[in-house]
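Peer 1: My questions concern the predicted model and sequence given below.
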Amino acid sequence: MSNPFPSAAPSCCTPRLREQAPPTATALRLGALLTLVLAAALTHAESPFEKRYQGRGDGRLDFQLFELGDGSGAHFVVADTAIPNECTGEPRGLATPGGPRALVLTRKPSGSEEACTLRLRFGPNAERVRAEEQGCGDFHGASCAFGGALTRR
């Protein structure tokens, strides 16, 4: 009688057992992979200040901050203030670090001798910011100002 199951003959595609790497090599590979993952996460980490903040000063305040991402800590800032039917203002530009948890935006309107300085001081978790202005009258009407307290939205 013939065997219905042919005998298994070795072939070129028979799987082979792979030698196991020593534990130190495995640990080194895992360490290198973890380092790459952490580096990528830190590179793409969001700025603690980059968000939208709203609040009140003399009028309504609405600030938006965007990190440049170049490692300098600089942010592009758009600061709006308004009192309906009275005044509005909007300086925008590059704010640079001005100390721990602070950014400073300085703008000089064309034809003016005085510069507008807007200092943003952030709370410990950057959920709140205190805005202070100096010389920004040319950027808003007499009834408005950029100073006040804002909360992250």
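Peer 2: Right, received. Where do you want to start? Because the structure is predicted, anything quoted here is derived from the model rather than measured.
Peer 1: Please make it C-alpha for all contacts and neighbour counts, starting now.
Peer 2: OK.
Peer 1: how about the helices of the protein, start to end?
Peer 2: Under the criterion DSSP state H, the chain contains helices at 23-43.
Peer 1: Low-confidence regions, it specifically.
Peer 2: Counting by pLDDT under 70, the ranges of the chain that qualify are 1-46.
Peer 1: now do 90
Peer 2: 1-50, 57-59, 69, 71, 84-87, 89, 108-114, 135-145 (pLDDT under 90).
Peer 1: Can you show me the strands along it?
Peer 2: Taking DSSP state E as the criterion, the chain carries its strands at 52-56, 60-67, 75-83, 87-89, 92-97, 102-107, 116-122, 128-134, 148-152.
Peer 1: Identify whichever of these lies nearest to Gly141.
Peer 2: strand 87-89 (5.0 Å; Cα to Cα).
Peer 1: same for that closest one, what does it pack against?
Peer 2: When contacts are defined as 3 or more Cα pairs under 8 Å, 6 or more residues apart in numbering; DSSP states H and E, strand 87-89 sits against strand 75-83.
Peer 1: what helices or strands is the strand it packs on leaning on?
Peer 2: Using 3+ Cα pairs under 8 Å, 6+ apart, the elements in contact with strand 75-83 are strand 60-67, strand 87-89, strand 92-97.
Peer 1: can you tell which of the ones you listed is closest to Ala149?
Peer 2: Evaluated with Cα to Cα, the helices and strands packed on strand 75-83 place strand 60-67 nearest to Ala149, the distance being 8.4 Å.
Peer 1: how about Phe139, what does it touch?
Peer 2: Taking Cα atoms under 8 Å, 6 or more residues apart in numbering, we find Phe139 in contact with Gly89, Glu90, Pro91, Pro109, Cys116.
Peer 1: what does Leu150 give?
Peer 2: Leu150 sits in contact with Tyr53, Gln54, Gly55, Arg56, Leu61, Asp62, Arg128, Val129, Arg130, Ala131, where contact means Cα under 8 Å, 6+ apart.
Peer 1: Would you format those residues as TSV with distance to Thr81 and neighbour count included?
Peer 2: Shown next, in TSV, are the contacts of Leu150 (distance: Cα to Cα, whole Å; neighbours: other Cα atoms under 10 Å):
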residue	distance to Thr81	neighbour count
Tyr53	12	21
Gln54	10	20
Gly55	10	20
Arg56	9	17
Leu61	5	25
Asp62	6	20
Arg128	17	20
Val129	15	25
Arg130	14	18
Ala131	12	23
